[in-house]
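J.: Predicted model, plus sequence, below.
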Amino acid sequence: MKLDQLTKPWAAFSYGFLDESAKREMRRRILKAIAIPGYQVPYASREVPIARGWGTGGLQVTLTLLKPASVVKVIDQGADDSVNASSIRKFLRRVSSAKETLDTLKADIIQSRHRIPEEKLREDQILVLQVPNPEPLRPVQPDMSEARVMHGDADYGQLWLTLYEQLVRSGRIMQGSSYPSMVNGRHVMTPSPIPRWDVPKMHMAANLTILSAGREKRIHAVPPYTRVEPLVFDDVPYRVEDHADKTCYRSGAMGFFMNELPQDDGSSSFEISDSQYGVKHIQRREGEAVTLGETYYREGRLER
Amino acid sequence: MAYVATRGGERAIEQSERLYREDLGRIDKTRVDAIAKSMPYLLDRVMGEASLYAPELAALALAQSGGDLYEAVLLLRAYRTTQPRLAIAEPVRQKDLFTVRRISAAFKDIPGGQILGPTLDYSHRLLNIDVLNGADFVPEPVEQAAEPAPATQPSLADWQKAQGLIADFQSEPVPLEEIPDVTREPLLFPASRAHKLQSLARADTGGTLALGYSTMRGYGNVHPTVNELRLAEAPVRIRHPRGTIFSAGRVRISQAEIISKAKGLQLGFSATFGWNEVKVIAAASLDLASTQEKPHPASNEEFVLYHTEPVEASGFCIHFKLPHYVTFQSSLDAIRKVKTDKPANKAAVPQADAARQAELEKAMS
Amino acid sequence: MTHALLLPTAEDTRSNATFDALMWALARPGVIQPLPDACLLLLAESLLDRECTFFSSDDGLGRQIAATGAYPAMLDEAEYVFTSLADGRNVAALSTLLAGNLLYPDASATIFSPAMIDGAGGTRLRLSGPGVNGSIDLVIGDVDRSFWSLRAEAIRYPLGWDVYLLDCDRLVGIPRSTFIEVL
């Protein structure tokens, strides 16, 4: 063997930024994550040109999946124009030549921080969620090694106990976003810091979801048609945010997850969080030909 | 009503980056060379934390980031990700190091002698204000020793092992390709010895110092003494595919052995790229502290290795600048609901007191 | 970094397309995925390198796989197992495969085997579980019938192993999470 057989001709950067060995590792880990839904697969997590905590986990997954023919959408807090989403989108285009879209319906891969789009994802789509903390047990067990033992034993008693304590103290479960959810009846996962509104969208969804925490070096997945059940007590129903009757002041869309905007007079107005879905409403009102996809919620109620 | 084009975000980030770069001005090779020449210890610190030995690239990273160390380390780490691994160098033994400084606090004199080498340890920390007034600072020439110090020095620990003072763990030979590499495998706990020392080698200098200092002050039950501290140049020797071993150059390294007298004599160890004494002394103390039975939480292995990782820690810290309004909205909804439901809850749960409620709301914010 | 857009090499394109098939095969058990070429080696090239161990029952293929840098290992230590399931004796040996442990169920094997998918003859299977919308039926030939009972015995979810079956350029994946009824 010669030295030059060990490598390939020099190039400033590999396609998709990650070098082949990093990509192969990502591929192996993604396959394990799909094979064991909700189980956190450890991975090396290479450094990428954005800071840790800014979507490096999601970015490594997207970089592994992208092809020049891919159409990619990037959102942060539901918005395509958020500065960090813009920055990630720009980087993805530069290193993969992939096409960009803002329209959920046109995307092959959607990388998102903290939201699932309102329009239903299809069987051919992949949702890549950025995850700050992959461990749903962290509030009850900050030691990752101990938490791993608890997952191994399916020992979720302490987690149930904290939920119960919240019920007793406050009359409701206080978990805001990142609602712990049971996947395929075996592993409790964090769905990432999406609002409670979005968690039911994962249950038996048609799309593949890959959740990746770059800083914490863990990856987990929810394959299509997989049970995702928020941890709730039989007699206390799961409650999503009370946005069913809110109307977006800009687009007029009603019954979707909203951003609350405090007003000078002490009141609040609301704007739809899925920014491009709101834009499509406005475009339609202005007479443009746009396709509004089927949504998970209709008139504020979950469609099943 | 028209909607704001979503390209607004892109323009904003582009212009903010331009503002930053405009302040730094043109970067040319002269500037990079000047950084490399005038700040070798800064380069060493950045290369150690980046786990990439490349002085020229480190100087470039410092030029590009305007001296923001965490940015410079991230630039180098991200570059490192793109580079293939061509070969694995042969192991380096202490006795093979071209040693320029080697001291022990455990003995007055040691085999091979105490070699002070370059240090500011005994200097008076006075600013040479005159330089600002046009009087250059010209360092006084070093006077040649009567006899030059030998290029290599024996290992003090070897002498202690031969004396039976410290345990001599028989190390099994490991094929080069089977040496674990924490940059290519996840760090799992309990960490392998290799992963632990590699993680400490690329740990944040400041973070390592903070935790190391806490064990030195007494949060933990080790009483550290510097057994040996060494600054050296290590030969990088690589096996050619034809089988011959050749030198690919040298890298500056520092290493420290810290010895504890608490229960017999035990060693803690650390080594890193570059000359960075504070880091290896602190890291070797943490290595020692973390291997004790029931270490203090601040020197627990998982705690130390997670929290001294410079790129992860700094990245997560600054990520709180990103908008979090969706998660905030979600919590707000839960808190408001508690308020509207309060009368009913009070009747149902008499022990739910106001203090706890406030605590809970604080926790949710 | 330059501002020109990066384009894939032919190698990048092929290994990305292969991984696409591998990923969707596991995400949609029983749904046939197209591969860029009819070749077991292709699968190895997109996944394996010097960080992996493998076992190949075919020496020729084994030598080709070793060129990826992956290390040959005994069957009971191999992470990636390339074998034929057509022979009952080969199948019986699989009872020793890595199935992971409760802390790390991913420390387990993946099998790659040729098979006849939805061809003339074979075992009729009904798959259900994650990735399957309800259930899906599949006829698998060139896989000894004993394999399916061995698999059922070996899997103690989340412990177990995952299987890929390859028929020319058509790929089917069966993760450990899939429940299989032999009809």
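T.: Yep, that arrived. Numbering: from 1, shown residues only, chains lettered A, B, ... in the order given.
J.: Give me the spatial nearest neighbour of whichever residue of chain A sits closest to chain C, chain neighbours excluded.
T.: Chain C sits closest to A:Gly152 of chain A, with a gap of 3.4 Å, by CB to the nearest CB. Where C-beta positions appear, they are placed from N, C-alpha and C, glycine not excepted. Distance criterion CB to CB, 6 or more residues apart in numbering or on different chains; nearest residue to A:Gly152, sequence neighbours excluded, is C:Leu102 at 3.4 Å.
J.: can you tell me which residues contact the one residue in the stretch 251-365 of chain B that gets nearest to chain C?
T.: Going by CB to the nearest CB, chain C is nearest to B:Glu302 of the stretch 251-365 of chain B, at 14.4 Å. By CB atoms under 8 Å, 6 or more residues apart in numbering or on different chains, the residues touching B:Glu302 are A:143-145, B:189, B:191.
J.: do the same with A:Val61
T.: Applying CB under 8 Å, 6+ apart to A:Val61 gives the contacts A:26, A:30, A:111, A:128, A:210, A:212, A:219.
J.: Pick out whichever of these sits closest to A:Glu135.
T.: Closest to A:Glu135 out of the contacts of A:Val61 is A:Ile219 (12.7 Å), distances taken as CB to CB.
J.: Name whatever forms a beta bridge with that closest one.
T.: Under the criterion DSSP bridges, A:Ile219 forms beta bridges with A:Val41, A:Ser212.
J.: Hmm, it is touching A:Thr209, no?
T.: No. If you go by CB atoms under 8 Å, A:Ile219 and A:Thr209 don't touch, sitting 11.4 Å apart.
J.: which SS state does the residue positioned nearest the centre of chain A fall under?
T.: Per CA atoms, centre = their mean, the C-alpha nearest to the average position across chain A is that of A:Leu129, at 2.8 Å. Following DSSP: H, G, I helix; E, B strand; the rest coil, A:Leu129 is assigned to strand.
J.: rewinding a little: neighbour count says what about the contacts of B:Glu302? Which are buried?
T.: A:143-144, B:189, B:191 (16 or more other CB atoms under 10 Å in any protein chain shown).
J.: Between all of the residues you listed, which two are at the greatest distance?
T.: A:Asp143 and B:Ala191 (13.4 Å).
J.: I'd like to know how many residues surround the residue of chain A closest to chain C.
T.: As a burial measure, A:Gly152 scores 16 neighbours (other CB atoms under 10 Å in any protein chain shown).
J.: Pull the contacting residues for it.
T.: C:101-103.
J.: now C:Leu85
T.: If you count contacts by CB under 8 Å, 6+ apart, C:Leu85 has them with C:91, C:111, C:113, C:115, C:142-144, C:147.
J.: Same check on C:Leu166?
T.: C:35, C:38, C:40, C:43, C:112-115.
J.: Any of those buried? List them.
T.: If we count by 16+ other CB under 10 Å, these have these buried: C:35, C:40, C:43, C:112-115.
J.: which one in these is the model shakiest on?
T.: The weakest per-residue confidence within the buried ones among the contacts of C:Leu166 falls on C:Leu40 (89).
J.: Now residue 131. Its backbone dihedrals?
T.: Using chain A. phi -120, psi 120 (degrees, to the nearest 10).
J.: okay, and for chain C, where does confidence drop off?
T.: Applying pLDDT under 70 to chain C picks out residues C:1-3.
J.: Which residue lies nearest the spatial centre of it?
T.: Most central in chain C (CA atoms, centre = their mean) works out to C:Tyr164, at 2.5 Å.
J.: Name the SS class of it, please.
T.: Per three-state DSSP, C:Tyr164 ends up strand.
J.: what about the helices in chain C?
T.: Assigned by DSSP state H, chain C shows helices spanning C:10-27, C:40-47, C:59-66, C:88-93, C:146-154.
J.: Redo those as TSV? Include distance to B:Thr225.
T.: Listed next are these as TSV, based on distance: least, CB to CB, whole Å:
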stretch	distance to B:Thr225
helix C:10-27	53
helix C:40-47	50
helix C:59-66	50
helix C:88-93	57
helix C:146-154	54
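J.: what about these, which gets the closest to chain A?
T.: Evaluated with CB to the nearest CB, those place helix C:10-27 nearest to chain A, the distance being 4.5 Å.
J.: Run the contact check for that closest one versus chain A.
T.: Yes. Shown here: helix C:10-27 in contact with chain A (CB under 8 Å from any CB of the partner chain) through C:11-13, C:15-17, C:19-20, C:22-24, C:26-27.
J.: Which single one of the contacts of C:Leu166 is nearest to chain A?
T.: For these, the nearest to chain A is C:Leu43 (10.6 Å; CB to the nearest CB).
J.: Doesn't B:Arg237 belong to a helix?
T.: No. With three-state DSSP as the criterion, B:Arg237 is located in strand rather than a helix.
J.: so who does it touch?
T.: Residues in contact with B:Arg237 (CB under 8 Å, 6+ apart) are B:89-90, B:92, B:245-248.
J.: Okay, it and C:Asp59: tell me how far apart.
T.: 35 Å (CB to CB, to the nearest Å).
J.: Next: B:Ile179.
T.: Distance of B:Ile179 to C:Asp59, computed by CB to CB: 29 Å.
J.: Many thanks, have a good one.
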